[in-house]
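Peer 1: Dropping a prediction and its sequence here:
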Amino acid sequence: MVKPAHGNIWFALISEKELPLFYLDLNISLIQNLCLKPVKYLRYLAWCILGMTGPETAILFNNVPVDDDEDLVERGTYYFSAPGLSNFIRILDEKPNFKHVKMRNEAYTVREWYKFEYEENEPPSGFRGKLMERDSGCVFISLLAETMHIIEEDALLQRVINDRSPDPSTHEDLSTLDVDDIRNGFLILNQTPNCILGPEDIPTAAECHVSDTDSYPAGRRYSLQWLEGDPVSMAIMPNNLDAKFRKDNHGALPSAHLLAFHYGQTAVERWGRGWQDFLFSYSRAVARYPLTRRGRKRKPYHAADFLLLLCQYKPDHPLAQAQA
């Protein structure tokens with residue numbers, strides 16, 4: 001029987017009969033570096049990817065619910081359980097009103113500054129100028145930094161806003177959010193508190209120098225987390241560094257809604273197994289996708305396509321409150 005590699009676990013998010021198996025292949029040590037409660041982190045991943053949480057959801061191991069404080073069993077397989085997961089079977093029987101969104105898919109390191117966005121003649125009121133007013137420089141190590149959108153494509157941004165359930169604990173106003181809103185500017189972060197994790201669940205890292213004009217946001221953390229990083233970049237900016245912002249940022253901090261989607265999308269890209277089969281194996285499920293004939297190159301579907309497709313068939317489910 002095939003099992004996870006040594007030091008790893010599998011976390012099955014969709015394992016219903018008649019559906020392709022979708023799971024994450026996760027390294028236990030990496031999870032422990034990102035969260036002090038690994039099982040609770042699995043619930044956070046389920047929220048970011050499926051948009052589902054609440055008191056009726058559970059993480060199962062050997063068909064038994066696992067507490068947040070328990071350790072992960074090496075080479076074990078864990079399952080996400082929630083009412084209505086079978087609702088995703090409808091994807092096979094219906095033609096989703098869904099359109100593939102083209103998007104750039106590149107990885108960055110802190111040494112590849114030339115890949116980040118910069119317009120030489122951009123006015124001070126532009127995206128970069130507004131971000132510099134909020135962030136000064138790099139919000140982690142106080143060096144000069146280039147700007148970056150969390151989500152670069154306006155079409156994708158609108159799909160995330162309209163199709164994905166927001167975290168009710170943030171009370172975030174998404175009605176005015178557009179692609180160049182500074183709430184859409186940042187790197188991959190884990191914002192706490194959210195509907196799963198509290199600030200105390202994330203390991204602490206050594207604080208960097210904080211200028212008189214900057215401060216850490218009161219009552220919340222924006223923690224840098226490398227889901228996959230090169231050693232040099234991680235030496236410069238280790239996991240769980242907390243972001244600091246100008247004191248007069250007027251509350252225009254990175255969007256919790258966009259950060260959660262981006263976190264889930266990145267997790268699927270790095271660790272996901274079976275999500276491509278979910279899209280490509282069933283012609284009825286992707287009838288609206290421009291699939292090509294045999295022998296021709298397929299469209300480069302992205303993990304964002306998968307997450308947004310799931311949004312359309314996610315069962316209604318009560319959401320948990322924010323963690324203290």
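Peer 2: Yep, that arrived. Just so it is clear, the model here is predicted, and its values are computed rather than measured.

Peer 1: switch to C-alpha atoms for all contacts and neighbour counts from now on
Peer 2: OK.

Peer 1: and stretch 247-264, which residues are buried?
Peer 2: Buried residues in stretch 247-264, counted by 16 or more other C-alpha atoms under 10 Å: 253-264.

Peer 1: meant to ask about stretch 157-172, not that
Peer 2: Neighbour-count burial for stretch 157-172 [16+ other C-alpha under 10 Å]: 157, 159-161, 164-167, 169-170.

Peer 1: Helices along the protein, start to end?
Peer 2: 28-34, 38-50, 90-93, 127-135, 154-163, 231-236, 256-271, 275-280, 303-313 (DSSP state H).

Peer 1: could I get the ones you listed as TSV with distance to residue 64 and mean pLDDT?
Peer 2: Output for the helices of the chain, formatted as TSV (distance: least, C-alpha to C-alpha, whole Å; pLDDT from 0 to 100):
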stretch	distance to residue 64	mean pLDDT
helix 28-34	20	95
helix 38-50	13	96
helix 90-93	27	68
helix 127-135	46	50
helix 154-163	32	73
helix 231-236	37	75
helix 256-271	24	87
helix 275-280	25	77
helix 303-313	26	82
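
Peer 1: quick one, what contacts the residue nearest to residue 226 when sequence neighbours are not counted?
Peer 2: The shortest distance from residue 226 to any non-neighbouring residue, by C-alpha to C-alpha, 6 or more residues apart in numbering, is to residue 239 (6.1 Å). Neighbour list for residue 239: 33-34, 205, 223-226 [criterion: C-alpha atoms under 8 Å, 6 or more residues apart in numbering].

Peer 1: before we move on, what about residue 272?
Peer 2: Residues near residue 272 by C-alpha under 8 Å, 6+ apart: 22-25.

Peer 1: Which pair of the residues you listed spans the longest distance?
Peer 2: Greatest spatial distance among the contacts of residue 272 (C-alpha to C-alpha): 22 and 25, at 10.1 Å.

Peer 1: any shared contact partners between those two?
Peer 2: 272-273.

Peer 1: Just the pLDDT for residue 238.
Peer 2: What the model reports for residue 238 is a pLDDT of 84.

Peer 1: So for residue 113, what's the pLDDT?
Peer 2: 36.

Peer 1: Kindly apply the preceding question to residue 191 instead.
Peer 2: Value for residue 191, per-residue pLDDT: 85.

Peer 1: Hmm, residue 220 and it touching each other?
Peer 2: Yes - between residue 191 and residue 220 there is a contact under C-alpha atoms under 8 Å: 7.2 Å.

Peer 1: between the two, which one's more packed in?
Peer 2: residue 191 (23 against 16; other C-alpha atoms under 10 Å).

Peer 1: Residue 310 - nearest residue in space that isn't next to it in sequence?
Peer 2: Using C-alpha to C-alpha, 6+ apart, the closest residue to residue 310 is residue 50 (6.8 Å).

Peer 1: ok, now how distant is that neighbour from residue 169?
Peer 2: According to C-alpha to C-alpha, to the nearest Å, residue 50 and residue 169 sit 17 Å apart.

Peer 1: Equivalent analysis for residue 217, please.
Peer 2: For residue 217 relative to residue 169 (C-alpha to C-alpha), the value is 17 Å.
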